[in-house]
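Undergrad: The following block contains a protein sequence and its predicted model.
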Amino acid sequence: MIDFLEGETVYSTENFCVLKIGSYGIKILTPYKVEGKVKLFTKLYIKEDEPVLYGFKTQEERNLFEKLISISGIGIKHAFSLIKHLSYSNFIKAIEEKDISLLSSVPGIGKKTAQRLILELQGKIDFEENEKDSLLKDATEALIQLGFEKKEIQKALKEVMKKEKLTSVQELIKKTLILLSK
């Protein structure tokens with residue numbers, strides 16, 4: 001729905017910020033204080049007939065948030081606390097190495113919750129693959145709009161992805177267009 005928002009921070013606390021985007025002030029719940037001009041990757045939820053927008057500094061954090069709140073007993077407060085106190089890579093490392101002490105050092109996360117996180121997520125975290133899928137999907141849609149056939153797009157994308165590790169859709173489209181124009 002709303003993949004990201006970019007704007008100037010008007011007001012910010014440890015739990016939310018208000019971004020000025022055009023002539024609008026949009027309230028976004030965040031796990032940390034944000035300041036200045038920012039780009040937040042967002043997730044929109046409808047809770048009891050009220051839309052709530054959550055914002056994160058990176059796509060990885062947003063994906064982690066979605067994964068965390070899908071686990072029984074892990075709510076938004078737990079997910080925010082984990083994202084606020086552990087970097088994305090430290091969280092992944094803690095899960096893969098079954099580091100209960102690191103996970104339970106996060107405020108609001110006890111030993112049992114840490115164990116549940118490890119049980120639910122160990123061996124199942126493949127966020128990089130999801131990001132890759134998202135990049136390929138977005139690039140494919142853009143190239144179809146430019147008039148290329150899906151079959152030739154997929155072949156070219158596969159070849160570009162083998163040669164280079166790209167993290168932005170724009171770069172992927174640019175490199176693929178070069179290949180398709182030959």
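TA: Yep, it's here. Here the structure is a predicted model, which means the values were calculated and not measured. Residues are numbered from 1 along each chain as shown.
Undergrad: Give me the domain ranges for the chain.
TA: Listed domain ranges for the chain are 4-56, 59-121, 127-180 (source: automatic domain parsing).
Undergrad: Pick the most deeply packed of those domains.
TA: domain 59-121 (a mean of 17; mean count of other C-beta atoms under 10 Å). In short, each C-beta sits where N, CA and C put it, glycine included.
Undergrad: and the end-to-end length of that one?
TA: 18 Å (C-alpha to C-alpha, to the nearest Å).
Undergrad: tell me the average confidence for that domain?
TA: Over the span of domain 59-121, the pLDDT mean works out to 91.
Undergrad: what helices or strands is the helix or strand containing residue 89 leaning on?
TA: Assigned by DSSP states H and E, residue 89 falls within helix 88-96. With contacts defined as 3 or more C-beta pairs under 8 Å, 6 or more residues apart in numbering; DSSP states H and E, the packing partners of helix 88-96 are helix 59-69, helix 100-104, helix 111-121.
Undergrad: Would you confirm that residue 154 contacts residue 139?
TA: No. Using C-beta atoms under 8 Å, residue 154 makes no contact with residue 139, being 10.0 Å away.
Undergrad: hmm, back to that, centre of the chain versus the helix holding residue 89, how much separation?
TA: Centre-to-centre, helix 88-96 and its host chain are 15 Å apart (C-alpha atoms, centre = their mean, to the nearest Å).
Undergrad: Same check on stretch 87-104?
TA: Distance, stretch centre to chain centre, for stretch 87-104: 18 Å (C-alpha atoms, centre = their mean).
Undergrad: again, but for stretch 33-52
TA: Distance, stretch centre to chain centre, for stretch 33-52: 12 Å (C-alpha atoms, centre = their mean).
Undergrad: Show me where the chain has its strands.
TA: Counting by DSSP state E, residue ranges of the strands within the chain are 4-12, 16-21, 24-29, 37-47, 50-56.
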